[in-house]
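A.B. asks: requesting a structural model of the entry that follows:
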Amino acid sequence: MKAMIVGSPASLDTLSQAERPDPGQPGPGEIRVALHGSSLNFHDLGVVIGRMGAPAGRIPMADGAGTVEAIGDGVTQFAVGDQVVSCFFPDWQDGTPPLGSFARTPGDGMDGYATEAVVVPATAFTRAPKGYDAVEAATITTAGLTAWRALVGDGGLKAGDCVLLLGTGGVSIWGLQIAKAMGATVVISSSSGEKLERARAMGADHGINYRETPDWGRAVADWTGGRGVDQVLELGGAGTLAHSIAAVRLGGHIALIGTVAGLAGDVPTAALMMKQARLGGLVVGSCQQQREFVTAIEATGIRPVIDRRFALADLADAFRYQLSGSHFGKIGIEW
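C.D. replies: Below you'll find the model as predicted:
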């Protein structure tokens, strides 16, 4: 069975294809899934270049989607032939997070989905959205569910709200689609005028080029008439947090879901306090939240934006494309 594995030392140059034993047939409570798609996230990049500490030989990729080939005794939620998609935290079924690490995240603390087939507990997957192919389905595991939880689960998004999205990667473009489907107003930022135009064509109400407008947080607040936005999807971290605080309204919500602009830095705590805004960190979501997201996808008809698709054997090239920053939406892997 073919699989991509992290090299030694870990880097894109040592990420390679290898033969691994077939996982066999499922035992009680397990399913065997033939995998056909995945999608790239910056967490996966951190794994394959050694930033996350995964051992050599680890099969990467947290996102996986495919077809149920066999079911073990006691499995009732799936049948052979069902289209399914993986959960980022397979042990977190519902409620509060059971752990604060990636020790049980596929593709990091344990082998992931850059392979042809897996045998896993049935609870590690949910039903895929109807009509989605494997690559499209795989985009909901990390990026899609992060946006859904941030806006809807933690943020309580409702029609008429105004949302600020940072950048035009997978999480933000999913956020754009979710917010517009729920009747919200969307402001989106980018350093690319072309990407801002694409976002507007998808329904974004306002775009702001943060290179051309250095004080972009204040500019966003001004665009709202001084009120500020109700929610911010904060992907930059400490490097952009001051701008997000300037942009958010009194009592608004900032979801800290990334650290692209830096792992550490000064945080204007006084400004945050005076805004009386909620700043909450989050990492993806539970399996139950993913099931709810799948239901919402089918009700609204939204589909993910796939910028490019690569073959599994070309996974390193896909990550190099990701590093170029040229993509808009998600980068897919299919086999």
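A.B. asks: pLDDT below threshold where in the protein?
C.D. replies: 259-265 (pLDDT under 70).
A.B. asks: any idea which residue sits dead centre in it?
C.D. replies: Nearest residue to the geometric centre of the chain (CA atoms, centre = their mean): A143, 1.3 Å.
A.B. asks: domain parsing for the chain?
C.D. replies: For the chain, automatic domain parsing gives the domain ranges 2-139+304-334, 146-281.
A.B. asks: before we move on, the earlier item: now the closest residue to the residue nearest to the centre of the chain other than its chain neighbours: how far from I306?
C.D. replies: Of all residues not flanking A143 in the chain, G170 sits nearest, at 3.6 Å (CB to CB, 6 or more residues apart in numbering). Every residue, glycine included, has its C-beta placed from N, CA and C. For G170, the distance to I306 (CB to CB, to the nearest Å) stands at 10 Å.
A.B. asks: spit out the residues that contact those two alike.
C.D. replies: Common neighbours of G170 and I306 (criterion: CB atoms under 8 Å, 6 or more residues apart in numbering): 39, 139, 329-331.
A.B. asks: quick one: the helices in the chain?
C.D. replies: For the chain, helices defined by DSSP state H occupy the ranges 42-48, 134-138, 145-148, 170-181, 193-201, 216-223, 238-247, 269-275, 287-300, 315-324.
A.B. asks: just checking, what packs against the first one?
C.D. replies: Going back to what we said before, that points to helix 42-48. Where contact means 3 or more CB pairs under 8 Å, 6 or more residues apart in numbering; DSSP states H and E, helix 42-48 is packed against helix 315-324.
A.B. asks: the helix it packs on: which residues count as buried?
C.D. replies: For helix 315-324, a neighbour-count test (16 or more other CB atoms under 10 Å) marks 315-316, 318-319, 321-322 as buried.
A.B. asks: take these and lay them out in JSON lines including distance to G175.
C.D. replies: JSON lines is the format used below for those (distance: CB to CB, whole Å):
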{"residue": "L315", "distance to G175": "26"}
{"residue": "A316", "distance to G175": "28"}
{"residue": "A318", "distance to G175": "22"}
{"residue": "F319", "distance to G175": "23"}
{"residue": "Y321", "distance to G175": "22"}
{"residue": "Q322", "distance to G175": "18"}
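A.B. asks: hang on, the earlier thing: ok, now which ones touch the residue nearest to A143?
C.D. replies: Going by CB under 8 Å, 6+ apart, the list of residues near G170 reads 39-41, 139, 142-144, 304, 329-331.
A.B. asks: returning to that earlier point: the shared contacts of G170 and I306 in strands, which ones?
C.D. replies: The members of these that map onto strands under DSSP state E are 39, 330-331.
A.B. asks: now, among those, which is nearest to A181?
C.D. replies: K330 (17.2 Å; CB to CB).
A.B. asks: just grab the bridge partners of the closest one for me.
C.D. replies: Beta-bridge pairing of K330 under DSSP bridges involves I306.
A.B. asks: make sure it is actually in contact with S39.
C.D. replies: Yes - contact criterion CB atoms under 8 Å: K330 and S39 qualify, at 4.9 Å.
A.B. asks: common neighbours of the two, please.
C.D. replies: Common contact partners of K330 and S39 (CB under 8 Å, 6+ apart): 139, 143, 170, 306.
A.B. asks: possible to save the shared contacts of G170 and I306 as JSON lines with distance to H206 and neighbour count?
C.D. replies: What follows is the shared contacts of G170 and I306, written out as JSON lines (distance: CB to CB, whole Å; neighbours: other CB atoms under 10 Å):
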{"residue": "S39", "distance to H206": "28", "neighbour count": "32"}
{"residue": "T139", "distance to H206": "25", "neighbour count": "30"}
{"residue": "G329", "distance to H206": "19", "neighbour count": "26"}
{"residue": "K330", "distance to H206": "23", "neighbour count": "29"}
{"residue": "I331", "distance to H206": "26", "neighbour count": "24"}
